[in-house]
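Engineer: One predicted model, sequence on top.
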There are 2 protein chains.
Amino acid sequence: MPESVAERPYHHGSLRAALLDAAERRLREVGPDRLSLRDLAREVGVSHGAPRRHFVDRQALLDALAESGFARLDRELRAALDGVADEFEPRLHAAANAYARFATESASLLEVMYAGKHRPGADRILAAAAEPFGLLQELVVQGRDEGLLVTDDLDRTALVLLATLQGIASFINGGVVEAERRDGLVEAAVDQFLRGAGPR
Amino acid sequence: MPESVAERPYHHGSLRAALLDAAERRLREVGPDRLSLRDLAREVGVSHGAPRRHFVDRQALLDALAESGFARLDRELRAALDGVADEFEPRLHAAANAYARFATESASLLEVMYAGKHRPGADRILAAAAEPFGLLQELVVQGRDEGLLVTDDLDRTALVLLATLQGIASFINGGVVEAERRDGLVEAAVDQFLRGAGPR
DNA sequence: CTACAAAGTAGCCACTGTCTACCAAGTGGT
DNA sequence: ACCACTTGGTAGACAGTGGCTACTTTGTAG
């Protein structure tokens, strides 16, 4: 008698995507170091060696996750800016909150994104990271154009702001600061930034 | 004929300390996830099961590393403040630079310190972390007393500053920002903080 | 129809963390 | 001086992992 279960055809068809999907789900549950290729293979219903066809390495999969992570971050930032007025201040607040939300709600993914020890092919990741970074920088340009920001080094100013948000997320994800304090800290950080980098 | 090598006595005497030492050295070379208990045991010249007597778990060792990491951070911060004048601003700059230096030069250790997923016994780690955090907070108090800082929430103000430094280190350690930019970024961050949290 | 490339399988290896049973050495009480 | 007991180290087993290789199944281009 034939198997009652719908048999997967020999070729999965979209293993790579399925693995990345499973990985991002699993990442949320267990964290990066407990992410196991074999586990993912099992979950997708494929032999333990199959992932190798799509990711030469465990690290290669993590790199791919990092890349798509930056892409998602970019989407979420832009989405957050969509429903907001055109003025600098509300846009800044929206972007900052969106970044902090992403960074705390996808803590493990963020860890992978900034893991550092990326392989030679990290160019792709850096390129993906440049997207959301650029968005923040454009925002700083807008602030300068509106006369609310004074800076001789755009990149540096944007980076300091972003670093603050990143650091807040670090502390929350590390358990040093309670998650409930996130919004308040972000608010304070943005306000201080506005006064610190604004005209005197 | 007897072994020509000086034989270690059956009891090592200070295995725990030796393991932590080796671990911190190894951490510098390979990062947290490649830190292997068996490897450490080999390095110290002891059987692979021996570490278990001192650390029930791999995570227990990492926790111990985190704890001593915060202790060292505290020492380095205090050391940095020792050779500096009594005024707020130079002290702030010194502390900020010391934190950033520690965070970038001991990147892997920092990762362990803020790894988050600590076991129930994380209280010890949080207590150890409170030490350097408190120091930063005292600094903020001094700033307020000298009239250079205006804040209704000391803890929050200190945290925002610390977060900025932490974030800068994150980006450098993640390879998103070149290490050479560290001092410049820290300088800019501190200046912006002073203006942002200072009297208007 | 037939090569050939792409995708998946199965088994092996070295390595890891964890567990257990055992052994060696120090220690305190009598 | 002896002996029970605790502390610390050893050795071997186990399951799980990433990486590798040889092999098979399938899709596809000529």
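Structural biologist: Perfect, I can see it now. All values derive from a computational prediction rather than experimental measurement.
Engineer: Tell me the pLDDT of A:S14.
Structural biologist: The per-residue pLDDT reported for A:S14 equals 88.
Engineer: What's the first helix or strand after whichever strand or helix holds A:G134?
Structural biologist: In this structure, A:G134 sits in helix A:122-145 according to DSSP states H and E. As assigned by DSSP H and E, the chain's next helix or strand after helix A:122-145 is helix A:154-173.
Engineer: Does anything pack onto that following helix? Which helices or strands?
Structural biologist: Counting contacts by 3 or more C-beta pairs under 8 Å, 6 or more residues apart in numbering or on different chains; DSSP states H and E, the secondary-structure elements packed against helix A:154-173 are helix A:88-105, helix A:107-113, helix A:122-145, helix A:182-197, helix B:154-173, helix B:182-197. (Each C-beta comes from the backbone N, C-alpha and C, glycine too.)
Engineer: what residues does stretch A:178-196 touch?
Structural biologist: Under the criterion C-beta atoms under 8 Å, 6 or more residues apart in numbering or on different chains, residues A:89, A:92-93, A:96-97, A:100-101, A:104, A:148-149, A:160-161, A:164-165, A:168-169, A:172, A:177, B:153, B:156-157, B:159-160, B:163-164, B:191-197, B:200 lie in contact with stretch A:178-196.
Engineer: before we move on, what about stretch A:116-136?
Structural biologist: Contacts of stretch A:116-136 with the rest of the structure, by C-beta under 8 Å, 6+ apart, involve A:57, A:59-60, A:63, A:66-71, A:73-74, A:77-78, A:81, A:95, A:99, A:113, A:158, A:161-162, B:31, B:107, B:173-176.
Engineer: from the middle of its chain, how far away would stretch A:189-200 be?
Structural biologist: If you compare the mean C-alpha spot of stretch A:189-200 with that of the full chain, they lie 25 Å apart, counting by C-alpha atoms, centre = their mean, to the nearest Å.
Engineer: Just the CA trace of that stretch, in CSV.
Structural biologist: Written as CSV, here are the backbone C-alpha positions of stretch A:189-200 (Å, rounded to 0.1, in the frame of the first residue of the first chain):
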residue,chain,number,x,y,z
ALA,A,189,18.4,59.3,23.7
VAL,A,190,16.7,61.0,20.7
ASP,A,191,16.0,64.1,22.7
GLN,A,192,19.6,64.4,24.0
PHE,A,193,20.8,63.8,20.5
LEU,A,194,18.7,66.6,19.1
ARG,A,195,20.0,69.0,21.7
GLY,A,196,23.5,67.7,21.6
ALA,A,197,23.8,68.0,17.8
GLY,A,198,21.5,70.9,17.3
PRO,A,199,22.3,74.5,16.9
ARG,A,200,23.4,76.3,20.1
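Engineer: residues from chain A in reach of DNA strand D?
Structural biologist: A:9-11, A:35-39, A:48-49, A:52, A:56-59 (C-beta under 7 Å from any atom of the strand).
Engineer: who wins for most neighbours among those residues?
Structural biologist: In terms of neighbours by other C-beta atoms under 10 Å in any protein chain shown, the residues of chain A next to DNA strand D top out with A:L35 at 21 neighbours.
Engineer: Would you mind confirming that that residue makes contact with A:A23?
Structural biologist: Yes. Between A:L35 and A:A23 there is a contact under C-beta atoms under 8 Å: 6.3 Å.
Engineer: Tabulate the helices and strands packed on helix A:154-173 in a markdown table, adding columns for mean pLDDT and mean neighbour count.
Structural biologist: Formatted as a markdown table, these follow (pLDDT from 0 to 100; neighbours: other C-beta atoms under 10 Å in any protein chain shown):
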| stretch | mean pLDDT | mean neighbour count |
| --- | --- | --- |
| helix A:88-105 | 98 | 19 |
| helix A:107-113 | 96 | 23 |
| helix A:122-145 | 95 | 18 |
| helix A:182-197 | 97 | 20 |
| helix B:154-173 | 97 | 24 |
| helix B:182-197 | 97 | 20 |
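Engineer: Of those, which is nearest B:R144?
Structural biologist: helix B:154-173 (7.3 Å; C-beta to C-beta).
Engineer: If I take the closest one and helix A:154-173, what angle do their directions form?
Structural biologist: Here the directions of helix B:154-173 and helix A:154-173 differ by 110 degrees (axes from the mean of the first three to the mean of the last three C-alpha atoms, to 10 degrees).
Engineer: Next, the angle helix A:182-197 makes with helix B:154-173.
Structural biologist: Angle, helix B:154-173 to helix A:182-197, by the same axes, to 10 degrees: 80 degrees.
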